[in-house]
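# Based on what follows, work out the 3D shape:
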Amino acid sequence: MNTRFTEILASESINTAATKVIDVDLADPISRISIRVKGTNNGSTPTAHPAKMVSSIELKDGSDVLYSMSGIEAQAVNFFDQGKLPFNILEYENNVQCCATYHLDFGRHLWDEQMALDPNRFQNTKLFITHNKASGGSSPDAGTMMVAAHAFDEKKVSPSGFLSNKEHYTYSLTDSAVETIDMPVDHTMRHMSIMSLSAGNSPSSQMSRFTLSEDGDKHVPFNNESVSELLKVAPNNNIMTDGFGTFGTGSAVNYYVTPTYECYGAGIGRSHSQTTAIVAQGSGGRVAVTNDASEAMGVHYSGYAPHGAVNIPFGKQNDPTDWYDLSRVGKLTAKITAGSSVGSSSTAEVLTQQYRRY
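Numbering: from 1, shown residues only. Okay, the predicted model is just below:
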């Protein structure tokens, strides 16, 4: 076989919140690492999106950070890179399992021979996963996690480097305030994302304007651009489809979904006794659904901006020579202007994807 699928952590209990540390000691280049978590719901009152069961994913070689993102950030980047969401089960019924997966992609696509993580280039590579099963779904009281590597096997490849994804910056949002952020210039950048997840608020109401400038405005690639317009016209910000299961109370209940902008849904009963199904137009990753008490239903939901993220790609995404070469830039600065009425206690994040050469 040219490639292989290897469990580096067999499915195990995550009933106790913790940070799991896993040695990544494969000999062959790795194209992708996948993380799967499941939680068994303890009730039918939604807590949060199942992806929030993982709060932090870090891949380190000693003090060198190769990858660093939260669970929802990882899923947003997965969508921008692959054009589809990773596997999720958005179930909010009591005693039914919810599920979330996260991919750490080291190339432009699975089995990219030019870009992959080569463990032989590092000394002591470890994966750190911080989890809390009760943070997603409907207050799960039991959970499991599995981690797998998609590695090259008999096919010998010599990758020139790998894609490194990181949460570069996070801060608290204040109405209409402008945040100035020093961006990294140490590696070529394939794309970046700005992100703000606030239930009931779209990312364009959380972040209204975006600027990216070089060397004291000597060159300004993005000049006070509307985030709303970027969502409509910037590449990679495509529509996505989500679906979730609910258990009605007879009144409106808020459920958590992946799309956060320009969202629409339709619901249908999963019981022949279902008579009422009303799906509101939600935003900010939350939607209110009204259905009959003690009756199950399913909702088909679509929209944009996964987990409140807006992608800003640089150049042709399959051509490394067309990405943002920062070797000529001394200082790169991003500015984000907050919306006039942001969600309470909300934050914004800046994510980067850089090409690290060996």
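# and the chain, what are its domains?
For the chain, automatic domain parsing gives the domain ranges 1-159, 240-304.
# okay, how far is it across the first one, tip to tip?
Chord length of domain 1-159, first to last residue, is 19 Å (Cα to Cα, to the nearest Å).
# Kindly report the same for the last one.
Taking Cα to Cα, domain 240-304 runs 6 Å from one end to the other.
# Return the residues in contact with Ala27.
The contact partners of Ala27, by Cβ atoms under 8 Å, 6 or more residues apart in numbering, come to 119-120. (Glycine included, C-beta is placed from N, CA and C.)
# and if we set it to 10 Å?
Each residue near Ala27 by Cβ atoms under 10 Å, 6 or more residues apart in numbering is listed here: 118-120, 151.
# just Ser135 next, same as before
By Cβ under 10 Å, 6+ apart, the neighbours of Ser135 are 17, 39, 47-55, 71.
# quick one: the helices in the stretch 151-300 of the chain?
Chain-ordered helices for the stretch 151-300 of the chain, with DSSP state H, counting those that start in this stretch as the definition, fall at 203-206, 227-233.
# Identify whichever of those helices lies nearest to Arg270.
Taking Cβ to Cβ, helix 203-206 is the member of these nearest to Arg270, at 31.4 Å.
# Just the ones in helices from the contacts of Ser135, please.
Gly71 (DSSP state H).
# Restricted to strands, list the contacts of Ser135.
If you go by DSSP state E, the contacts of Ser135 have 39, 54-55 in strands.
# Show the buried residues in the residues you listed.
Burial by neighbour count, 16 or more other Cβ atoms under 10 Å: within those this picks out 39, 54-55.
# residues contacting the spatially closest residue to Gly285 that is not a sequence neighbour?
Distance criterion Cβ to Cβ, 6 or more residues apart in numbering; nearest residue to Gly285, sequence neighbours excluded, is Thr260 at 4.7 Å. By Cβ under 10 Å, 6+ apart, the contact set of Thr260 is 76, 195-204, 206, 231, 282-286, 303-310.
# what's across from Val350 in the sheet?
Per DSSP bridges, the residues bridged to Val350 are Tyr169, Ile194.
# Quick one: list the elements packing against the helix or strand bottoming out on mean pLDDT in the chain.
In the chain, no helix or strand scores lower on mean pLDDT, DSSP states H and E than strand 277-279, which sits at a mean of 87. Secondary-structure packing of strand 277-279 (3 or more Cβ pairs under 10 Å, 6 or more residues apart in numbering; DSSP states H and E): strand 261-269, strand 286-291, strand 296-304.
# Looking at strand pairing, list the partners for Ile268.
Residues in beta-bridge contact with Ile268 (DSSP bridges): Gly298.
# What count of nearby residues applies to it?
Ile268 has 12 neighbours, counted by other Cβ atoms under 10 Å.
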